[in-house]
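Undergrad: sharing a sequence plus its predicted fold:
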Amino acid sequence: MNYNSGNARRNFYAKWDKLREEYRAAGMKEDAIQKMYEYDLAVFNDDRAHHRYDVEIPSADDSENRNDYADFVRATTVTDTYHETKTRFAWVGEVQNERLQVGLEKLSDDDLKLLTLYVYEGYSTVELSKAYGIAHQNISKRIIKITNFLKNFDFQGAD
């Protein structure tokens, strides 16, 4: 069920109208009541912001939605690190060509993540487009861009 901000705000104000009367009848000062109101309003706004960004996570039983994203997360969360590259993509350290390895180290983490999924994990551009939420043509263009960068990388600086 969706969160109805207007309805929640009306309920909050109605509740506080009653509380103000009760607090006044109990002998509380107006500034103390106002401070309590401001605190409750801040908590209400935080809760409201939380509801705005709530996203339902698919359950383990929901295999249709779970597979692509779960595989994507598992493939991109590498806990092993490679000490020379200072990156979480350990496979870069396994590359035998030293110049290619230096070129790979110059790539951004986003490009390395895409390259890891495409080359190392064997995902197709269609599968990657589902995981990234963009067209597979855009995935192909990014892969071509990365490939051209590695082909044209200035290897003169590497020893």
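TA: Thanks, I have it.
Undergrad: would you mark the buried spots in the helix or strand in which Arg99 is found?
TA: Taking DSSP states H and E as the definition, one finds Arg99 inside helix 98-106. Buried positions in helix 98-106, judged by neighbour count with 16 or more other Cβ atoms under 10 Å: Arg99, Gln101, Val102, Gly103, Leu104, Glu105. C-betas here are computed from N, CA, C, even on glycine.
Undergrad: if we look at the longest helix belonging to the chain, which residues are touching it?
TA: Longest helix in the chain by number of residues, with DSSP state H as the criterion: helix 30-52. With contact meaning Cβ atoms under 8 Å, 6 or more residues apart in numbering, helix 30-52 is reached by Tyr3, Ser5, Ala8, Arg9, Phe12, Trp16, Leu19, Arg20, Tyr23, Arg24.
Undergrad: only the buried subset of the residues you listed, as a PyMOL command please.
TA: Restricted to buried positions by 16+ other Cβ under 10 Å, the PyMOL selection for the contacts of helix 30-52 reads:
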select buried, resi 12+16+20+23
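Undergrad: run a quick neighbour tally on the residue nearest to Tyr123 when sequence neighbours are not counted.
TA: Among residues not flanking Tyr123 along the chain, Leu117 sits closest, at 4.6 Å (Cβ to Cβ, 6 or more residues apart in numbering). Taking other Cβ atoms under 10 Å as the neighbour definition, Leu117 ends up with a count of 21.
Undergrad: likewise for Trp91?
TA: The local packing of Trp91 (other Cβ under 10 Å) involves 18 other residues.
Undergrad: isn't it right up against Leu115?
TA: No: contact status for Trp91 versus Leu115: not in contact, 9.2 Å apart, counting by Cβ atoms under 8 Å.
Undergrad: quick one on the thing from earlier: do you know the pLDDT at the residue nearest to Tyr123?
TA: Leu117 carries a pLDDT value of 84.
Undergrad: quick one: it from Ser140, how far?
TA: Relative to Ser140, Leu117 is positioned 13 Å away (Cβ to Cβ, to the nearest Å).
Undergrad: can you pull the poorly scored residue ranges out of this protein?
TA: 1-5, 48-72, 74-88, 154-159 (pLDDT under 70).
Undergrad: how does this structure divide into domains?
TA: Listed by automatic domain parsing, the domain ranges of the chain are 5-52, 63-157.
Undergrad: now do the contacts for Lys151.
TA: Neighbours of Lys151 in contact, by Cβ under 8 Å, 6+ apart: none.
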